Structure formats: structure tokens, C-alpha cells
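S.K.: Attaching a predicted model along with its sequence, questions to come.
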Amino acid sequence: MARIVLKFGGTSVADMGRIERAAGKIAREVALGHEVAVVVSAMSGVTNQLADHCNAITPIYDAREYDTVVSSGEQVTAGLMAIAIQKLGIEARSWLGWQVPILCSEVHGKARIEDIDSSKMLRHLGRDQVAVLAGFQGITERNRIATLGRGGSDTTAVALAAALEADRCDIYTDVDGVYTTDPRIVKRAKKIKKISYEEMLELASLGAKVLQTRSVEMAYKRDVPIQVLSSFDDAIGSDLVGTLVTREEDIMEKQVVNGVAYDKNEAKITLINVPDIPGVAAEVFGPLTDCDINVDMIVQNVSSDGKVTNITFTVPKEDLDRATECIKNIDKLKGADVRSDKDIVKISVVGIGMISHAGVAKVMFQTLADKGINIQVIATSEIKISVIIDKEYLELAVRALHTAYGLDAESAA
Ligand code: ADP
Ligand code: ASP
Ligand code: MG
């Protein structure tokens with residue numbers, strides 16, 4: 001007997017038929033003698049709709065009330081899933097974040113899970129009752145509901161698996177595993193059987209939205225094996241058919257480049273004619289950090305006259321207006337020209353083998369050059385290279401790089 005956490009994403013609970021289908025998979029795991037806790041997302045499209053309702057009243061809303069609104073989608077699916085499981089003759093009950101409780105930080109809209117008291121839920125699991133937890137939410141010390149950022153149900157699932165000391169966390173979604181790149185863009189993408197936490201962390205943080213970055217961080221820290229698998233296949237998690245995200249030493253075959261990721265959610269800001277004096281970077285990036293804006297890639301040009309220079313950096317698209325506003329208020333930058341560009345995309349190649357192989361960057365730059373694609377910004381780390389390009393070339397670049405690094409499957413999937 002194992003203890004397993006199963007998570008069903010938005011498309012996997014998109015209508016009553018799919019909820020019942022998911023309940024069928026849960027019932028099969030229960031029949032194998034496993035103790036099962038389930039985490040559900042809102043039905044696909046519902047969270048967007050709820051967020052739109054807030055925006056329709058005012059774009060500058062109270063984040064605590066936004067969380068009250070957007071967390072409601074998961075409440076609906078948790079109740080419906082419990083009903084669907086009960087219909088199969090299995091005991092089940094729904095849990096909202098506060099009922100567990102799942103304690104979160106106060107950063108509404110992108111709160112972090114700080115603690116889960118699993119004792120109550122464990123008592124119910126011990127009585128052969130399936131626990132169905134609403135994902136994406138928790139409660140703050142001030143007794144307010146907080147949500148975990150888009151895609152946050154993955155993190156709820158992994159955090160719950162860690163708190164329950166579960167043997168595995170199965171993430172059911174609309175693709176049957178983690179691929180070498182988004183299978184919706186590259187038909188020849190290959191399914192990866194096993195991937196290390198480190199590589200998955202890079203892929204997720206660079207845009208592969210199949211797992212929320214924080215869920216991978218948490219799995220890595222707490223040593224929770226994750227399996228990504230499709231809710232549309234007949235197989236269940238115990239058949240071990242998906243992609244296993246696990247420790248590096250458990251993986252025999254290592255590739256130089258393991259995957260290509262893209263992120264459409266960044267925007268570029270360029271500051272022209274910034275004084276080339278010590279302390280300017282601190283003047284720019286300090287206030288942005290104070291406003292909770294995550295700056296990603298940064299490039300500062302060499303000054304040609306020794307007096308002024310240009311700084312380019314990227315921020316999440318949703319924070320672009322706040323970031324430019326923030327910069328306009330910085331005294332030392334009063335003479336600078338601020339330009340922003342939303343029509344960009346970040347493309348990254350990732351692989352743990354890069355540490356010991358030279359020439360990975362060369363292949364990337366040459367491949368993009370051959371396709372006539374201009375690189376605007378470059379950033380590298382030990383196991384990834386990222387570039388910013390015009391968003392028009394997204395698909396062309398991802399496909400070309402996928403082929404250039406030998407990742408294409410023999411035949412189209
Ligand atoms: P869910 O609603 O189940 O949480 P998401 O839409 O958040 O599902 O994540 C699944 C999607 O992630 C897939 O439909 C796929 O388009 C996308 N994706 C991006 N990169 C990858 C990748 N490398 N491997 C698999 N899926 C990927
Ligand atoms: N429903 C939330 C979202 O759409 C959380 C999740 O699905 O993981 O972002
Ligand atoms: Mg998701």
C-alpha cells in the first residue's frame with residue numbers, strides 16, 4: 001500500500017464528464033489499496049473569468065478580495081469531485097485550504113505555502129476516506145484567503161504530498177508527460193521518461209508551464225517524486241506511464257541539451273542615456289525589488305563616451321506598466337529615455353550536460369542566425385542559455401533549435 005496525492009488540472013476537470021472520468025481513476029487507485037488524497041484546479045477558463053470580473057470593476061483592486069474571488073473556482077471542483085467519488089461507493093470529502101489548514105504568506109496573489117498541518121486530514125485518510133483538496137489556496141495569519149499564483153495547484157499538490165509524507169505525487173494534465181519542448185508547438189517533441197529536479201526547475205522557470213516552478217522547487221527540497229501523466233489516457237499513475245521527476249543520481253542517460261522552453265510572458269525595458277556612474281544599477285533595481293517586481297535578464301552596454309550608457313532588462317508582462325511608472329520616479333534617471341517592448345519572447349535551451357560540454361551556445365547562435373532571427377538579449381547559467389527574440393519567430397526558433405540539438409523524435413508524434 002502506498003500513499004499517493006493525485007492532482008487534476010483545469011482541462012482534466014473541465015466538465016462533469018471529465019470529473020467523473022477522474023473519479024474513476026481515483027477509484028482504481030483506491031481499489032489497489034492505496035491511501036489517496038486529491039488536489040483539484042478550477043475548471044479550465046474559470047480562473048481567467050473570475051480575474052476578468054475583478055478587472056472589469058477596477059484594474060487596481062484589493063488583492064485580498066481578488067484572492068477571495070479567484071479561489072472560488074477550486075471550491076466548486078473540490079465539492080463536485082467529492083460527489084463523483086461518493087457516487088462510486090467510496091467515502092470522500094472536500095477540503096478548502098483553511099480547513100486543513102494550509103498556512104500561507106501575506107503576499108496576496110502569489111503567496112507561498114509556509115506550513116501545512118496535516119493531522120486532521122491524516123485522521124480522515126486513515127478511515128479510508130479520500131480527501132479532495134481545493135488547490136491554489138491557503139489562509140494567512142491574518143485569517144484571509146490567499147492564492148498561490150497562476151498554476152499554483154501543482155504547488156498545493158506537492159506541498160500536500162510532502163506534508164502527508166506521500167510516496168508519490170501524480171500530476172494529471174492534458175499531455176502525457178514532460179516533453180523535450182511544448183508538444184503543442186513541436187510535433188516531433190519527445191517524451192522524457194525521467195528528468196532531474198534541477199532540469200525540470202529550469203524548464204519550468206523558463207516557461208514550460210506543465211509544472212509551476214514552485215512545485216518543482218518544493219519537490220526538490222522535500223524529495224517528493226512527481227509523475228506527470230495524462231488524464232485522457234486509460235492508464236493510471238500506478239502504471240508509471242508518465243514522466244518521473246526525480247533526483248539526478250536516479251537518471252542513467254544524460255543529454256547535453258534536454259529541452260527547449262519558451263516564455264511569452266516577459267516584456268523588455270530599455271533605458272537609454274543612463275548616467276554611467278557607480279550606483280546606477282542599484283538606483284534602478286532597488287525600487288523595482290521594493291515594488292515586488294521580478295527582474296529577469298539584465299544587460300548593460302559599455303559606454304561609448306564614458307558619460308552615458310544603456311540598460312536593458314526584462315520583467316513579467318503583467319508588471320510592465322508598474323515597472324515603467326516606478327522608473328519614471330527615480331531622480332537619477334530623469335534624463336533617460338524609457339522604452340518598452342511587449343512583442344518579445346524568451347527562448348531557452350536547458351541541459352545538465354552543458355556543464356561539461358563546450359559549443360552549446362555556438363549551436364544556438366548559429367541556428368538562429370541561419371533562420372535570420374536577431375538575438376536581442378542573451379543570458380547564460382551552468383545549465384541553460386536564454387535569448388530574447390521577436391515574438392513573431394517563436395515557433396520557427398523553437399522548432400529549429402529542437403532539431404539542431406538532435407531532440408526530434410524519429411517520427412512525428
Ligand atoms: P493543467 O491545467 O493541467 O495544470 P497546464 O496548461 O498548466 O495544465 O500545463 C500543461 C501544458 O503545458 C500542456 O498543454 C503543454 O502545452 C504545456 N507545456 C509547455 N512546455 C511543455 C513541455 N516541455 N512538456 C509538456 N508540456 C508542456
Ligand atoms: N486555477 C488556477 C489557475 O488557473 C490554479 C491552477 O490551475 O493551478 O492558475
Ligand atoms: Mg497548470
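M.R.: Alright, I've got the coordinates. Ligands and ions are numbered 1, 2, ... in the order given.
S.K.: residues contacting the spatially most central residue of the chain?
M.R.: The C-alpha lying nearest the average C-alpha coordinate of the chain belongs to Gln212 (CA atoms, centre = their mean; 2.4 Å). Listed by CB atoms under 8 Å, 6 or more residues apart in numbering, the contact partners of Gln212 are Leu148, Gly149, Arg150, Gly151, Gly152, Ser153, Asp154, Thr155, Ala204. Any C-beta I mention is one placed from the backbone N, CA and C, and that applies to glycine too.
S.K.: Keep only those of the residues you listed that are in helices.
M.R.: Among the contacts of Gln212, the members falling in helices are Ser153, Asp154, Thr155, Ala204 (criterion: DSSP state H).
S.K.: which one of the residues you listed sits closest to ligand 3?
M.R.: Nearest to ligand 3 among the ones in helices among the contacts of Gln212, counting by CB to the ion, is Asp154 at 5.8 Å.
S.K.: Count the residues that sit near the residue of the stretch 101-250 of the chain found nearest ligand 2.
M.R.: Using CB to the nearest ligand atom, the single residue of the stretch 101-250 of the chain nearest to ligand 2 is Ser153, 3.3 Å away. Ser153 has 29 neighbours, counted by other CB atoms under 10 Å.
S.K.: show me where the stretch 151-300 of the chain has helices.
M.R.: Here the stretch 151-300 of the chain has its helices, by DSSP state H, counting those that start in this stretch, at 153-163, 197-205, 213-222, 280-290.
S.K.: which one of those helices has the most crowded surroundings?
M.R.: Of all the helices of the stretch 151-300 of the chain, helix 153-163 has the most neighbours on average by mean count of other CB atoms under 10 Å, namely a mean of 28.
S.K.: picking that back up, tell me which of the helices of the stretch 151-300 of the chain approaches ligand 3 most closely.
M.R.: Using CB to the ion, the helices of the stretch 151-300 of the chain put helix 153-163 closest to ligand 3, at 5.8 Å.
S.K.: Which secondary structure elements does the closest one sit against?
M.R.: strand 3-8, strand 35-40, strand 113-116, strand 168-173, helix 213-222 (3 or more CB pairs under 8 Å, 6 or more residues apart in numbering; DSSP states H and E).
S.K.: And the ones you listed: which comes nearest ligand 1?
M.R.: Across those, closest to ligand 1 is strand 168-173 (CB to the nearest ligand atom), at 3.3 Å.
S.K.: Show me what that closest one packs onto, helices and strands only.
M.R.: Partner elements for strand 168-173 (3+ CB pairs under 8 Å, 6+ apart): strand 3-8, helix 153-163, strand 226-230.
S.K.: Which strands border that strand, and is each parallel or antiparallel?
M.R.: Strand 168-173 pairs in its sheet with strand 3-8 (parallel), strand 226-230 (parallel), by DSSP bridges.
S.K.: Near ligand 2, which residues of this structure are found?
M.R.: Within the chain, the positions near ligand 2 by CB under 6 Å from any ligand atom are 9-10, 41-42, 47, 73, 135-136, 150-154.
S.K.: rewinding a little: turn the strands paired with strand 168-173 into CSV, columns for mean pLDDT.
M.R.: CSV is the format used below for the strands paired with strand 168-173 (pLDDT from 0 to 100):
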stretch, mean pLDDT
strand 3-8, 98
strand 226-230, 98
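S.K.: Among those, show me which one is buried the most.
M.R.: Stretch with highest mean neighbour count among the strands paired with strand 168-173: strand 3-8 (a mean of 26; mean count of other CB under 10 Å).
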